[in-house]
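> sharing a sequence plus its predicted fold:
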Amino acid sequence: MAGLRLEHLSKSFGATVAVRDVTLDVGDGEFLVLLGPSGCGKTTTLRMIAGFIAPTAGRVHLGGREITALPPWKRNAGIVFQSYALFPHLTVAENVAFGLEMRKLSKAEIAPKVAEALRLVRLDHLGERLPRQLSGGQQQRVALARALAIRPDVLLLDEPLSNLDAKLRETVRIEIRELQRQLGITTVMVTHDQEEALIMADRLVVMSEGEVKQVGTQRELYEQPANRFVAGFVGRSNFLAGTMVSPGRFETRGGVAISCAAGLTGPAVIALRPERLALGSAAGGLENHMQGTVELVSYLGASVDVHVRVSPADRIVVTQPNRVDARTPEEGERIDVGWPKGAAVVFPDDGTHAGA
Amino acid sequence: MNTLASIDRRILGRWAFSGAAGLTLGFILLPLFFVTWLAFFRQEIPAFPPDGYSLKWFWAIAKHDKFVQGFWLSLQVAIAAMVIGLALGVPAALCLARYRFFGREPLSSLLLLPLVVPGIVLGTSIYVFHVELTIATELPVIGSLAGLVAGHVLVVIPWCVRLVAASLAGVDRSVEEAAQSLGATPPVTFFRITLPTIRPGIVAAALFGFVVSFGNLEMTLFLVGVGRTTLPIAILQYLEWRIDPTIAAVSVLQILLIGAAMAVTDRFVKLSRVV
Ligand SMILES: Nc1ncnc2c1ncn2[C@@H]1O[C@H](COP(=O)(O)OP(=O)(O)O)[C@@H](O)[C@H]1O
Ligand SMILES: [Mg+2]
């Protein structure tokens, strides 16, 4: 086992910069997830760790050793691809044995290790099958067993669950997580699915346009998003554009005055989590409260989304848990909305994200 | 009303499709059927209906040395052309499928060119080339066996490149990357992973290369030397003097040989999946 370190890693394809100056530390045995929209450079980063593409700049260290110039076959990284990439002409057991054969182990040494790896993924009874005779979920587990059999220094997973159906995905992500804990294997997973990322990660890296936007635990990303991108990408946020007229005083474009804990001044955006807002009588005693008109009510089962217009330019979504005793507001109704000062996060408005 | 009309149209469409398919199939099979029938006629001058049936024309083949020698030469040339064609075509297909390099598109078209150039043109130009080469090097290139095989390699290559490239296109690159991440160097990856995965394409390429070479007439006419006759040329020469059903019998044997080769191949790889 070993820690992984990326230092100022960059990759350009011609004029496109796919990855820009990424520096990351992955602890020994840590499960790190790279999260970001498609095209943000996650796969490219992972492929540089695996050695399939050479970085334009920067270094990769694995277990305290620099491996930037090593080819993939000398890196000891286990990889699970989105397509599973099983060897179609080899049986499940032969697939898992392949990496061990490459390590010049004898047949007698290989057999128990293959059995062990297949047992870990609960496929010990299917060793003689060919990949095409397996379901997607089983193929995925063979790919995992094959990557684990070589006892890799780092396990790399590129959207490993996106080809599974929704139900299966939920069980498999827990399985992978538990297996990774049990083996204590340093792992980097790539995904664009934030739920998957939140469930599986020890720590997350939010990426956008080739750059790392924030690194942190689930709680840190959610409670203290470092920028507007993270506030919008991890969980949901209401964004209200406006100006910090003085420290602690924000005014939306629609003229709504809001008190908050931020010290900056000038153009700014305020982010509010929909489930941190209170409606009706519960809004009364809070530091910010205002009246608005209910424009839309969406019933989501576990919760209800209430869209409230508080000024001609500002609309706020409030998520209410769907309790038995709760009264669902009606469209057109006048209603109070409120939140404590600490519920708002303020970012300087750099003019990038037009519209909320 | 509307749905009825659309159902009508669908049924009509299916009939039209079946009809067209049937006609095409008949168009292909009809000559084969007549040739096979003819091979068993008893009389020397083919006429319908036949006087009776006989197997004597099949015995006549064995007595005609030109056919026997032609068959062996065609077999040797076809096997040699197929093997050399694969040895050149597989790496070429790999490069075309895997690497982006300057001049890749033109090269890819160039390798398919022998398919489009008429055999007569190909034969003439290779013959002229051989003449020039003989003059320049004073080696006996004209009418040599090596020259003949080289010509056949030329018509085999497009098939090898095309079929192998098609099956390479179906290979997921990440399968090879997975092998490398597990410790396989590129040569090991090629022989243990890539090659077995594209085996169907290679088998199909071998078969088609063989068939194309074995049946080639036009180009071969310009390349054979004195006393060296391939089977198609032997058939042509025989036809200049006689039209008895021996020719039909030879054709039947040829059809059977190729049919058997396809059947055997199909046991290993589903041809319909590669071609
Ligand atoms: N081989 C390549 N050649 C050119 N551009 C590439 C290549 N691979 C990736 N890119 C570009 O780099 C960017 C990041 O791609 P990628 O790392 O695959 O994103 P992600 O995995 O986050 O969806 C994209 O804009 C993509 O088009
Ligand atoms: Mg990707």
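Sure, I can see it. Ligands and ions are numbered 1, 2, ... in the order given.
> up against chain B, what does chain A have?
Neighbours of chain B within chain A, by CB under 8 Å from any CB of the partner chain: A:50-52, A:71-79, A:81, A:83, A:85-89, A:98-99, A:102-103, A:143, A:146-147, A:150. For every residue, glycine as well, the C-beta is placed using N, CA and C.
> who's in contact with residue A:285?
Contact analysis of residue A:285 by CB atoms under 8 Å, 6 or more residues apart in numbering or on different chains lists residue A:338.
> list phi and psi for it.
Backbone torsions of residue A:285, given as degrees, to the nearest 10, read phi -80, psi 0.
> separation between it and residue A:249?
Distance of residue A:285 to residue A:249, computed by CB to CB, to the nearest Å: 20 Å.
> likewise for residue A:327?
33 Å.
> what's the answer for residue A:321, then?
Going from residue A:321 to residue A:249 by CB to CB gives 31 Å.
> just residue B:230 next, same as before
Counting by CB to CB - residue B:230 and residue A:249 are separated by 96 Å.
> so those two - more neighbours on which side?
Legend: neighbour count by other CB atoms under 10 Å in any protein chain shown for residue B:230 and residue A:249, higher for residue B:230 (29 against 14).
> which residue is the nearest non-sequential neighbour of the more buried one?
Excluding the flanking residues, the one nearest residue B:230 by CB to CB, 6 or more residues apart in numbering or on different chains is residue B:74, at 4.4 Å.
> that neighbour is in what secondary structure piece?
Element membership for residue B:74 (DSSP states H and E) is helix B:65-98.
> before we move on, what about residue A:105?
Residue A:105 belongs to no helix or strand when elements are defined using DSSP H and E.
> residues touching it, list them.
By CB under 8 Å, 6+ apart, residue A:105 lies in contact with residue A:113.
> count the neighbours of the closest residue to residue B:192 other than its chain neighbours for me.
Nearest non-adjacent residue to residue B:192, counting by CB to CB, 6+ apart: residue B:184, 6.6 Å away. By other CB under 10 Å, the residues close to residue B:184 number 22.
> just want the residue of the stretch 151-300 of chain A that's nearest ligand 1.
Residue nearest to ligand 1 within the stretch 151-300 of chain A: residue A:190 (6.2 Å; CB to the nearest ligand atom).
> which pLDDT value belongs to the closest residue to that residue other than its chain neighbours?
Spatial nearest neighbour of residue A:190, excluding adjacent residues (CB to CB, 6+ apart): residue A:42 at 4.2 Å. Here, the pLDDT recorded for residue A:42 equals 96.
> and residue A:42, how far is that from ligand 1?
4 Å (CB to the nearest ligand atom, to the nearest Å).
> go on, residue B:157?
30 Å.
> so that residue belongs to a helix, correct?
Yes. Residue B:157: assigned to a helix according to DSSP: H, G, I helix; E, B strand; the rest coil.
> residue B:100: neighbour count?
Residue B:100 - counted by other CB under 10 Å - has 6 other residues nearby.
> my error: substitute residue B:217 in the last question.
For residue B:217, the count of nearby residues is 15 (other CB under 10 Å).
> just list the residues touching it, thanks.
Neighbour list for residue B:217: B:119, B:232, B:233, B:236 [criterion: CB under 8 Å, 6+ apart].
> save those residues as a markdown table, and put in neighbour count, distance to ligand 1 and pLDDT too.
Formatted as a markdown table, the contacts of residue B:217 follow (neighbours: other CB atoms under 10 Å in any protein chain shown; distance: CB to the nearest ligand atom, whole Å; pLDDT from 0 to 100):
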| residue | neighbour count | distance to ligand 1 | pLDDT |
| --- | --- | --- | --- |
| B:119 | 17 | 42 | 87 |
| B:232 | 19 | 48 | 86 |
| B:233 | 19 | 52 | 86 |
| B:236 | 15 | 54 | 85 |
